[in-house]
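> predicted coordinates and the sequence they were generated for:
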Amino acid sequence: MPVVNQRPLPEKHMMNLREPMDPTMTEMNKHHIQVEVRTAYIDKQSEPDENRFVFAYTVTITNDGSVPAKLLTRHWVITDGNEKVQEVRGEGVVGEQPYLSPGMSFEYTSGAVLETPFGTMQGSYQMLADDGTTFDAEIPAFLLTTPRQLH
């Protein structure tokens, strides 16, 4: 019959299951906003001969954190194919400052006009959580492009 060692583990080997292993992971999970973007070229509003290319983008913002948060402001960096950069800052999105409980999403559609048939957008939303924490929700770079455009 095997012998079982019944000595308690030294304190440094014990784990408190009520406290997280990595406090930074819990902080990040408390304030986590997922941003997804879909884009479309709007042919009927574009005038390529006049260097006017119109794009729509639909953004879905989801609170994947554990604390409710409100979107306060936005910051966009829009770069066209000539490396011309426009920065846009303002309150909310499409006239709203959505309040997102954990698991809740908000979707909106807006547009951008470029002088070239392709470009990129990226940015961030400045958020205020119910616990008083302000944080940025990053918007990863995405491509705006006309159909059949090579880069």
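Arrived safely, thanks for sending. Numbering: from 1, shown residues only.
> once you drop chain neighbours, what's closest to the spatially most central residue of the chain?
Central residue of the chain (CA atoms, centre = their mean): V35, 3.2 Å from the mean position. In space, V35 comes closest to I139 once its chain neighbours are excluded; the distance is 4.9 Å by CB to CB, 6 or more residues apart in numbering. Heads up, the C-betas are built off the backbone N, CA and C, glycines and all.
> for that neighbour, grab the count of nearby residues.
I139 has 21 neighbouring residues, counting by other CB atoms under 10 Å.
> distance of it relative to D80?
Look at I139 and D80: by CB to CB, to the nearest Å, they are 17 Å apart.
> what count of nearby residues applies to N51?
Neighbours of N51 using other CB under 10 Å come to 14.
> so who does the residue lying closest to it once chain neighbours are set aside touch?
Nearest residue to N51 in three dimensions, chain neighbours excluded: E115, at 4.5 Å (CB to CB, 6+ apart). Residues in contact with E115 (CB atoms under 8 Å, 6 or more residues apart in numbering) are N51, R52, F53, D80, N82, K84.
> apply 10 Å and report the result again.
E50, N51, R52, F53, D80, G81, N82, K84 (CB atoms under 10 Å, 6 or more residues apart in numbering).
> which SS class is the fourth one?
Read it as F53. The three-state assignment at F53 reads strand, by DSSP: H, G, I helix; E, B strand; the rest coil.
> surely it and G81 touch.
Yes - between F53 and G81 there is a contact under CB atoms under 10 Å: 9.2 Å.
> what residues are shared contacts of the two?
Contacts common to F53 and G81, judged by CB under 10 Å, 6+ apart, are L114, E115, T116, P117, F118, G119, L144, T145, Q149.
> quick one, phi/psi of the second one?
Read it as E115. Dihedral pair for E115: phi -90, psi 0, per degrees, to the nearest 10.
> for beta bridges, what are the partners of the residue lying closest to D136 once chain neighbours are set aside?
Nearest residue to D136, sequence neighbours excluded (CB to CB, 6+ apart): S124, at 4.3 Å. Beta bridges link S124 to H75, E138, judged by DSSP bridges.
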